[in-house]
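K.L.:
could you look at this predicted model? Sequence included:
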Amino acid sequence: MTLDLVQVRADFPILTREINGHPLVYLDSANTSQKPRQVLEAMQDHQERHNGNVSRSVHTLGTEATAAYEGAREKIAAFIGAARPEEVVFTKNSTEAINLVAWTASDFLSLGPGDEIVVSEMEHHSNLVPWQLLCQRTGATLRWFGVTDEGRLDESQLDELVNERTKLVSVVHMSNILGTINDPARIVARAHEVGALVMLDCSQSVPHFPVNVADLGVDFIAFTGHKMLGPTGIGALWGRYELLERMPPFLAGGSTIETVTMAGTTFAPPPARFEGGTPPITEAIGLGAAVDYLNKLGMENIHRHEQEITAYALKALADVPGVTIFGPGTPEGRGGTVSFAVDGVHPHDVGQILDDLGVEVRVGHHCARPVCTRFGVPAMTRASFYLYTTTDEIDALARGLEQVRKVFA
Amino acid sequence: MTLDLVQVRADFPILTREINGHPLVYLDSANTSQKPRQVLEAMQDHQERHNGNVSRSVHTLGTEATAAYEGAREKIAAFIGAARPEEVVFTKNSTEAINLVAWTASDFLSLGPGDEIVVSEMEHHSNLVPWQLLCQRTGATLRWFGVTDEGRLDESQLDELVNERTKLVSVVHMSNILGTINDPARIVARAHEVGALVMLDCSQSVPHFPVNVADLGVDFIAFTGHKMLGPTGIGALWGRYELLERMPPFLAGGSTIETVTMAGTTFAPPPARFEGGTPPITEAIGLGAAVDYLNKLGMENIHRHEQEITAYALKALADVPGVTIFGPGTPEGRGGTVSFAVDGVHPHDVGQILDDLGVEVRVGHHCARPVCTRFGVPAMTRASFYLYTTTDEIDALARGLEQVRKVFA
Amino acid sequence: MIDQLYQDIILDHYKHPHGRGLRDPFQGEAHHVNPTCGDEITLRVTEDLSEISYDGMGCSISQASASVLHELLKGRTPGEAFEIHEAFLALMQGRGQVEPDEDVLGDGIAFAGVAKYPARVKCALLPWMAFKDAAARAGISVNPEVKA
Amino acid sequence: MIDQLYQDIILDHYKHPHGRGLRDPFQGEAHHVNPTCGDEITLRVTEDLSEISYDGMGCSISQASASVLHELLKGRTPGEAFEIHEAFLALMQGRGQVEPDEDVLGDGIAFAGVAKYPARVKCALLPWMAFKDAAARAGISVNPEVKA
Ligand SMILES: Cc1ncc(COP(=O)(O)O)c(C=O)c1O
Ligand SMILES: Cc1ncc(COP(=O)(O)O)c(C=O)c1O
């Protein structure tokens, strides 16, 4: 089924906006997505009618809020194919989810010198820096997969990189800068063979195509609400329940406990153990509504639409003289996130001139500076698409790039 | 100036709701407050018109979002009398703010065996458990102030409790269960004399009366948006800038960095260093709008109103036979949070019957189990007030308690 | 609706609990806590269920539930106890849609109204969960899974 | 509006930078980075400001700004350099409300349009902040606070 873009776009209030006198052309969804009215209304209704704190009250408002919050957890668990809702831990974003695992790993993996953690050169800083710091704290060693000239994960050294000393491998599912989609199958097989855990940073995959944790066979995934039509302030860690059960609390406090005395505390089972304090209740409910919206359109349909848009964009960009694309040049094994260079023009200037025309793209190192270093540039310009992106918008981008070339001719 | 309650209440959509056929009487604001339309509209407007990611984009939406987010930081900094906006670190709630200090303290305070951390028996679990875990990790010793029979902090052993071995004292400003307001002056003087830092858990004070960090003379405070008319998913750590500068990153990732290579990372100055990943942008903006609302009414006026309501409530409750109040029995040095017991009836049952009448109170250990233990009860019933609370609502509570007594006669 | 929760039978068991107090000897003991409200129960069983004893603090629902449990399960065969346990669980998790069988549940049918209060179901189940653990420790299994 | 940002003078300095390249000897050097966009500059000064040299990568605004800085500050007395530095800062932080003085700022007046783009002010200031640090390290103070 193809998406009815007119109908879809009518659900997103912001898409009627003008920027500098031009209709908004929002090509920065990999940074943060826009939100449909269904999500905004679900949050508004909760806040106007049902607001109460969760898991703490017997009163009606508290009971309603708890039911809505736990209902959102169930929807999200089903969306990613979790074995049970209790495997979904709400966090404020992907970054917290990854840090939760990284900060508790020294304990539950008994990390020390000689142990190894493996990431890749393609990681977002949020899936790199927490592991660097973990290694600093414990004396473990950080190793990484390289990136090929085509922008693919270089798995040629897999068996050497992931070995008996490896305790955990954490790699990105879809790169936020190159658009590359990694198939983790070989890494998972090798990691589990040597007894290592695998975490997958699904911040860019869960929003864009069907992700099923059981099929992937990984041990943890992280994703974030604001990139999948949900609000800011909400994300999730999914982990296999037996693993979550072995992990100590992280952000400890109210709600994470079983019983407390001044002398010591015992902790609740997951997910409560990891949800210290008042959680982002309204935001979880908003994310639940976002999942409803995505399900209604169908993740397969969304993916197909984005594949088409990506093919169109790759071609349109290749047709602009002086534009070089980083990462895979065809839609196979990549998503709708395309970074490029414009000959002789700094990305900052590219972005500025495009913005003047209402075309919103991101410029900079995209929180993936090692990728920029790998390709020998200080920064890149990135256009990223979502279920509401049209070919007209790609045309506007291409026209904008002609203008960029004119200003800097 | 007295508050115009009719006008104030008209700003809160939820207050028109009915619960079990009765008008909502919301007496659970210490758990989470209700939100005025001004806050909901600010968030709605942002999401419908200006949504973009912060600190990362040159485009118009990103610039607008960044200006709104940083504008909220400025408002909140001014609200608590911070020396500069950069002293305010956005977190998801108080619990994260306290954990941020507790997790980084082992490093920036070089904690080890022989060092001491001091809390009190009056703490919310969120200001107790993180310090228990810190002591477990480092070998430091946890000590605590007791609570007097009147529900006041027992400072009689101050000089012995806070001594040369003490590295940090963290106590609550206003107890969420007893309503006690602690004046931290003597503790601050003693702590600074011995070179210890002082953190104040202001989760219940910042929402209810004027709090000025400079006047308090403390080193850190934590507070949380959802208890002060703001949304869930947002809180703040305030710290003196020189201290924040000495602290390592905690939730590290995108935005917390200066420059990143695979081999290592240098970090941004505060507050960016501590705001890993996409922050709760809409929620910060909502909290900024909440602060505007509070400022418009005036924190002094709000405090005065709550003092009056508290005096009225203490008297009304004392008049119900079989009701015993925990904590200070007069409004002096206490806020509008009153916990009590009903002779022979378990709090769970009290809360249930009150809810049947539309009166929403909290029952349980209120995330402060040591206080329940201190007063020899498994749980308490708590009514807590805010700027929208009326004497009629207190009357409804008193009438409800008569009904409780009737059912369990 | 609140009258369905606080039925006279429940208030009666709350005010006059059956079999309360911890007694020796016993073969299995379990201590359960409801972390939200601080309710606690300690429950003991002999291996033949000829004695069930308990103590704890809690709301009317959890206390009355313990009293009813004592009345219903004491002196039963493990098979009978299991059947009653299962029926009580089904009633509590039925969101008010399950019709209780008085022949099986006796005074337990008074808990039908509790099932409509999700926050209170945990209270009613507290003694039953403790019983299950205590029985398992005494070598008796009343786990529904075992039946199949 | 974009034309106010990308004025010909700016594009000209960008395409034909003055004084680019790192040169010896020098007494003060500073390396500054803009973490959002990855722009970098290394800037060197002699203690008498008879030579200012720099290298780096960045957008048209930061590159042109470095070129203009070179043109304006090289060979000045510390006092003059300080005055120009302060005027440039005031212009950049003026949100487009400050009228630049061509006698003081020369080609720098072309940056008036940048002040309306908050996200780009940092780009324009990058070389000037590096200059301040490098000068301080060479023993020259151009800190506005010092004047008072
Ligand atoms: C005194 C006190 N401290 C800390 C907290 C924790 O706040 P939050 O749940 O927003 O993290 C609360 C409220 O729950 C509180 O009342
Ligand atoms: C691949 C990837 N990982 C992690 C993150 C971090 O997500 P968040 O900013 O929501 O924590 C992002 C997005 O910024 C991302 O694209």
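P.N.:
Arrived safely. Ligands and ions are numbered 1, 2, ... in the order given.
K.L.:
C-alpha only now, for contacts and for neighbours.
P.N.:
OK.
K.L.:
run through the helices of the stretch 1-150 of chain A in chain order.
P.N.:
A:5-10, A:37-45, A:60-79, A:94-108, A:129-138 (DSSP state H, counting those that start in this stretch).
K.L.:
kindly report the same for chain C.
P.N.:
C:2-5, C:8-15, C:60-73, C:78-92, C:102-105, C:118-137, C:144-147 (DSSP state H).
K.L.:
flag every residue of chain A that's near chain D.
P.N.:
Within chain A, the positions adjacent to chain D are A:345-349, A:353, A:356, A:363-365, A:378-379, A:408 by C-alpha under 8 Å from any C-alpha of the partner chain.
K.L.:
of those residues, which belong to helices?
P.N.:
A:Pro347, A:His348, A:Asp349, A:Ile353, A:Asp356.
K.L.:
turn the residues you listed into CSV, columns for distance to ligand 2.
P.N.:
Formatted as CSV, these follow (distance: C-alpha to the nearest ligand atom, whole Å):
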residue, distance to ligand 2
A:Pro347, 19
A:His348, 19
A:Asp349, 22
A:Ile353, 24
A:Asp356, 24
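K.L.:
quick revisit: what two of the residues of chain A next to chain D are the furthest from one another?
P.N.:
Farthest-apart pair in the residues of chain A next to chain D is A:Asp356 and A:Pro378; separation 22.9 Å (C-alpha to C-alpha).
K.L.:
give me every residue that touches the spatially most central residue of chain A.
P.N.:
Nearest to the geometric centre of chain A sits A:Ser203, at 1.1 Å (C-alpha atoms, centre = their mean). By C-alpha atoms under 8 Å, 6 or more residues apart in numbering or on different chains, the contact set of A:Ser203 is A:Ser94, A:His173, A:Met174, A:Ala222, A:Phe223, A:Thr224, A:Lys227.
K.L.:
let's see 7 Å
P.N.:
A:Ser94, A:Ala222, A:Phe223, A:Thr224 (C-alpha atoms under 7 Å, 6 or more residues apart in numbering or on different chains).
K.L.:
OK, contacts around the residue in chain C that chain A sits nearest to?
P.N.:
Chain A sits closest to C:Pro35 of chain C, with a gap of 5.3 Å, by C-alpha to the nearest C-alpha. For C:Pro35, the contact set (C-alpha under 7 Å, 6+ apart) comprises A:Glu258, A:Thr259.
K.L.:
got it, and A:Arg9?
P.N.:
A:Leu15, A:Tyr388.
K.L.:
how about 10 Å then?
P.N.:
Taking C-alpha atoms under 10 Å, 6 or more residues apart in numbering or on different chains, we find A:Arg9 in contact with A:Leu15, A:Thr16, A:Pro36, A:Leu387, A:Tyr388, A:Thr389, A:Thr390.
K.L.:
which stretches of chain A have low pLDDT?
P.N.:
Scanning chain A for pLDDT under 70 picks out the ranges A:56.
K.L.:
pipe the helices of chain C into JSON lines and attach distance to A:Gly21, mean neighbour count and mean pLDDT per row.
P.N.:
What follows is the helices of chain C, written out as JSON lines (distance: least, C-alpha to C-alpha, whole Å; neighbours: other C-alpha atoms under 10 Å in any protein chain shown; pLDDT from 0 to 100):
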{"stretch": "helix C:2-5", "distance to A:Gly21": "60", "mean neighbour count": "15", "mean pLDDT": "86"}
{"stretch": "helix C:8-15", "distance to A:Gly21": "70", "mean neighbour count": "18", "mean pLDDT": "94"}
{"stretch": "helix C:60-73", "distance to A:Gly21": "65", "mean neighbour count": "25", "mean pLDDT": "96"}
{"stretch": "helix C:78-92", "distance to A:Gly21": "61", "mean neighbour count": "19", "mean pLDDT": "94"}
{"stretch": "helix C:102-105", "distance to A:Gly21": "73", "mean neighbour count": "15", "mean pLDDT": "93"}
{"stretch": "helix C:118-137", "distance to A:Gly21": "54", "mean neighbour count": "23", "mean pLDDT": "93"}
{"stretch": "helix C:144-147", "distance to A:Gly21": "67", "mean neighbour count": "9", "mean pLDDT": "44"}
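K.L.:
next, the closest residue to chain C within the stretch 251-400 of chain A: secondary structure please.
P.N.:
Nearest residue of the stretch 251-400 of chain A to chain C (C-alpha to the nearest C-alpha) works out as A:Glu258 at 5.3 Å. Following DSSP: H, G, I helix; E, B strand; the rest coil, A:Glu258 is assigned to strand.
K.L.:
surely it touches C:Thr36?
P.N.:
Yes: A:Glu258 lies in contact with C:Thr36 (C-alpha atoms under 10 Å); the separation is 8.5 Å.
K.L.:
what about the strands in the stretch 251-400 of chain A?
P.N.:
A:257-261, A:264-267, A:323-326, A:337-342, A:359-360, A:362-364, A:380-384 (DSSP state E, counting those that start in this stretch).
K.L.:
right, and these - which one's nearest C:Arg76?
P.N.:
strand A:257-261 (32.6 Å).
K.L.:
next one: the closest one to chain centre, how far?
P.N.:
34 Å (C-alpha atoms, centre = their mean, to the nearest Å).
K.L.:
now swap in stretch C:104-116 and tell me
P.N.:
A distance of 11 Å separates the C-alpha centroid of stretch C:104-116 from that of its chain, computed with C-alpha atoms, centre = their mean.
K.L.:
quick one: that stretch near chain B?
P.N.:
No: Stretch C:104-116 is not in contact with chain B by C-alpha under 10 Å from any C-alpha of the partner chain; minimum separation 11.3 Å.
K.L.:
repeat for stretch A:173-184
P.N.:
No: using C-alpha under 10 Å from any C-alpha, stretch A:173-184 stays clear of chain B, coming no nearer than 12.0 Å.
K.L.:
list the buried ones in that stretch?
P.N.:
By neighbour count on 16 or more other C-alpha atoms under 10 Å in any protein chain shown, the buried set for stretch A:173-184 is A:His173, A:Met174, A:Ser175, A:Asn176, A:Ile177, A:Leu178, A:Gly179, A:Thr180, A:Ile181, A:Asn182, A:Pro184.
K.L.:
got CSV for the residues you listed, with distance to ligand 2 and secondary structure too?
P.N.:
What follows is these, written out as CSV (distance: C-alpha to the nearest ligand atom, whole Å; DSSP: H, G, I helix; E, B strand; the rest coil):
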residue, distance to ligand 2, secondary structure
A:His173, 7, coil
A:Met174, 7, strand
A:Ser175, 5, coil
A:Asn176, 4, coil
A:Ile177, 8, coil
A:Leu178, 10, coil
A:Gly179, 10, coil
A:Thr180, 11, strand
A:Ile181, 11, strand
A:Asn182, 12, coil
A:Pro184, 15, coil
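K.L.:
ok, of the residues you listed, which one's closest to B:Asn295?
P.N.:
Using C-alpha to C-alpha, these come closest to B:Asn295 at A:Asn176, 41.3 Å.
K.L.:
tabulate the strands of the stretch 251-400 of chain A (TSV), appending mean neighbour count.
P.N.:
Shown next, in TSV, are those (neighbours: other C-alpha atoms under 10 Å in any protein chain shown):
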stretch	mean neighbour count
strand A:257-261	19
strand A:264-267	15
strand A:323-326	18
strand A:337-342	23
strand A:359-360	29
strand A:362-364	28
strand A:380-384	27
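K.L.:
could these be laid out in a markdown table, adding distance to D:Tyr14?
P.N.:
Listed next are these as a markdown table, based on distance: least, C-alpha to C-alpha, whole Å:
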| stretch | distance to D:Tyr14 |
| --- | --- |
| strand A:257-261 | 60 |
| strand A:264-267 | 61 |
| strand A:323-326 | 20 |
| strand A:337-342 | 16 |
| strand A:359-360 | 24 |
| strand A:362-364 | 19 |
| strand A:380-384 | 19 |
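K.L.:
thank you kindly, that will do.
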